[in-house]
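**Q** Quick one, what's the 3D model for this:
(one chain, ligands or ions: 1)
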Amino acid sequence: ARFLAKRVLRMQESETMRITALAKKMKAEGHDVISLSAGEPDFPTPDFACEAAIHAVQTGFTKYTENAGTPELRKAIAESTKADLGVAYLPEEVIVSNGGKQAIANAILALCDDEDEVIIPAPYWVSFPEMVNLAGGKSVVLETSLESNFKITPEQLQSALTPKTKILILNSPSNPTGAVYSEAEVRALMSVIKGKGIFVISDEMYNKLVYGNTQPFSPAKVEGMRDWVIVSNAVSKTYSMTGWRVGWIAAPKWIVNACGKIQSQMTSNAASVSQKAAIAALTGDQSIVDARRREFEKRRDFMHRALNEIPGVSAALPEGAFYIFPSVKGVLGKTIEGKNLASSLDVAEFLLEKHYVATVPGEAFGAQGYLRLSYAASIENLEKAVSRMKKAFS
Ligand code: PLP
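**A** Numbers count the residues shown, from 1 in each chain. This next block holds a predicted model:
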């Protein structure tokens, strides 16, 4: 390790690794493990996307494309962004990357200088702080809780600002909490930073997966903010295309160009075949998205009700994405079946080792005392998992 670069040494190993490895091992040993730790839809990629990919292979669309993605895909993204967010982008204001992950990493590398401060509300998606770390910046984490519906307030944002604040990262709907900022909440947050030279990276990965009357609202839509907002999204979650690796940002052209410069030296274009599949996904029959959204909504309602019936467990109703983030603070400090439950990490280990339910402890997302459960699983498995949890805690 003494030969490794400092940038690697200061990176954190994912806290989820231990439990994921344990879950794998237990499954391999033949245990009936129910895994609610996955970050991907359990539905297949739509046929029309797969067919476009097959056609791409058969017609030799298998070479490098433009670094920033094919003009056809960038146009399709600009159009779907306009339709969904109500904000217009030129195809030149879009760059396609290898998944939402690379798209966001590019933007952070392009904007975040040494010592710059990046405000990240917690619980956060695990990669945000590590990307900032890699860029040499400093994460300023703002805590939220079940009581605040996992949303930061304008006052909290205001008090975190310093002359070094460069970026605010918002992820609404949120992974891991499912929280969604309303239009009024987004406007209130933007009025705190408007005119102060602060950028917003708006990770809108789950914007099509919202429930009830929830309406996501993009910060890019706030008057005067479009030039300061980087919207990121991908086909990954909306179209069950996590393995295809197609994501993007829509942003002012100078930022897109900078991301293109980085990408051209690191990876070049996203896979040509995947880009064809992404065009088909974005321009095909969208009714499949809504059908799946409704299925997720049923599961969300079930999980919210069932988890709140477990002693010591308390969950807010997620408004989007496919995760629920219950507090397990009511069981912390207890010793059950010989296992001392001092932290949510202990609780996650206990549930896995003794009751064969795999979850992700809140620690992974910068929030002690919670578990993340993905409801991208069949109702049958969700029912089984919850009844195992109920038995475990009573
Ligand atoms: N942003 C959030 C909030 C996510 O949950 C994920 C995936 O888990 C990503 C970005 C990255 O997605 P992709 O698979 O497109 O790289």
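**Q** C-alpha only now, for contacts and for neighbours.
**A** OK.
**Q** any idea how far Cys259 is from Ile108?
**A** Distance from Ile108 to Cys259, counting by C-alpha to C-alpha, to the nearest Å: 9 Å.
**Q** Next: Arg7.
**A** For Arg7 relative to Cys259 (C-alpha to C-alpha), the value is 20 Å.
**Q** Of the two, give the one with the bigger neighbour count.
**A** Legend: neighbour count by other C-alpha atoms under 10 Å for Arg7 and Cys259, higher for Cys259 (26 against 11).
**Q** what ranges do the strands span in the stretch 1-150 of the chain?
**A** For the stretch 1-150 of the chain, the strands defined by DSSP state E, counting those that start in this stretch cover 34-35, 94-97, 117-122, 138-143.
**Q** quick one: contacts for Tyr68?
**A** Actually, residue 68 is Ala rather than Tyr. By C-alpha atoms under 8 Å, 6 or more residues apart in numbering, the contact set of Ala68 is Val94, Ile95, Val96, Ser97, Gly260, Ser268, Asn269.
**Q** re the thing from before, most neighbours per residue, which of the strands of the stretch 1-150 of the chain?
**A** By mean neighbour count, with neighbours taken as mean count of other C-alpha atoms under 10 Å, strand 94-97 ranks first of these at a mean of 30.
**Q** re earlier: as a markdown table, the strands of the stretch 1-150 of the chain with mean pLDDT would be great.
**A** Compiled in a markdown table, the strands of the stretch 1-150 of the chain are given as follows (pLDDT from 0 to 100):
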| stretch | mean pLDDT |
| --- | --- |
| strand 34-35 | 92 |
| strand 94-97 | 98 |
| strand 117-122 | 98 |
| strand 138-143 | 98 |
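**Q** how about TSV for the ones you listed, with distance to the ligand added?
**A** Shown next, in TSV, are those (distance: least, C-alpha to the nearest ligand atom, whole Å):
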stretch	distance to the ligand
strand 34-35	16
strand 94-97	9
strand 117-122	12
strand 138-143	16
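**Q** could those go into TSV alongside distance to Met131?
**A** Shown next, in TSV, are those (distance: least, C-alpha to C-alpha, whole Å):
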stretch	distance to Met131
strand 34-35	27
strand 94-97	16
strand 117-122	10
strand 138-143	10
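**Q** Would you mind giving me the confidence score for the one residue sitting closest to the centre of the chain?
**A** With distances taken as C-alpha atoms, centre = their mean, Asn175 lies nearest the centre of the chain, 4.4 Å away. Looking at Asn175, its pLDDT stands at 97.
**Q** Likewise for Met17?
**A** So Met17 comes in at 67 (pLDDT).
**Q** what do you get for the one 5 residues further on?
**A** Here, the pLDDT recorded for Leu22 equals 84.
**Q** Can you get me a residue count around Pro71?
**A** Neighbour tally, Pro71, other C-alpha under 10 Å: 15.
**Q** neighbours around the residue lying closest to it once chain neighbours are set aside, how many?
**A** Distances taken as C-alpha to C-alpha, 6 or more residues apart in numbering put Pro91 closest to Pro71, at 7.0 Å, once the chain neighbours are dropped. For Pro91, the neighbour count with other C-alpha under 10 Å is 20.
**Q** pretty sure Pro91 contacts Thr81?
**A** No - in this structure, Pro91 is not within contact of Thr81 by C-alpha atoms under 8 Å, at 10.6 Å.
**Q** In this structure, where is pLDDT below threshold?
**A** Scanning the chain for pLDDT under 70 picks out 15-17.
**Q** For it, which residues are neighbours of the ligand?
**A** The chain comes close to the ligand at residues 39, 99-101, 125, 175, 203, 205, 234, 236, 242, 245, 247, as judged by C-alpha under 6 Å from any ligand atom.
**Q** if we go to 5 Å?
**A** Gly99, Gly100, Lys101, Asn175, Ser236 (C-alpha under 5 Å from any ligand atom).
**Q** now those residues in CSV, with distance to Tyr181?
**A** CSV is the format used below for the residues of the chain next to the ligand (distance: C-alpha to C-alpha, whole Å):
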residue, distance to Tyr181
Gly99, 24
Gly100, 20
Lys101, 22
Asn175, 13
Ser236, 22
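**Q** burial count for Asn213?
**A** When neighbours are counted by other C-alpha under 10 Å, Asn213 registers 7.
**Q** no wait, Lys391
**A** Lys391, neighbours per other C-alpha under 10 Å, totals 11.
**Q** Repeat that for Ser218.
**A** Ser218 is flanked by 25 other residues according to other C-alpha under 10 Å.
**Q** residues contacting it?
**A** So Ser218 contacts Leu85, Glu183, Val186, Ser202, Glu204 (C-alpha under 8 Å, 6+ apart).
**Q** Show me the domain layout of this protein.
**A** Domain assignment for the chain, taken from automatic domain parsing, gives 6-44+288-393, 47-283.
**Q** Show me what the longest helix along the chain is packed against.
**A** Longest helix in the chain by number of residues (criterion: DSSP state H): helix 287-308. Applying 3 or more C-alpha pairs under 8 Å, 6 or more residues apart in numbering; DSSP states H and E, we find helix 287-308 packed against strand 323-324, helix 379-393.
**Q** Select, out of the ones you listed, the one closest to Glu66.
**A** Glu66 sits nearest to strand 323-324 of all those, at 35.4 Å, using C-alpha to C-alpha.
**Q** any idea how far the closest one is from the chain center?
**A** Centroid displacement of strand 323-324 relative to its chain, using C-alpha atoms, centre = their mean, to the nearest Å, is 11 Å.
**Q** got a list of contacts for that strand?
**A** Under the criterion C-alpha under 8 Å, 6+ apart, residues 175-178, 300, 303-304, 315-318, 372-376 lie in contact with strand 323-324.
**Q** Now go through these and say which are in helices.
**A** Using DSSP H, the contacts of strand 323-324 in helices are Arg300, Met303, His304.
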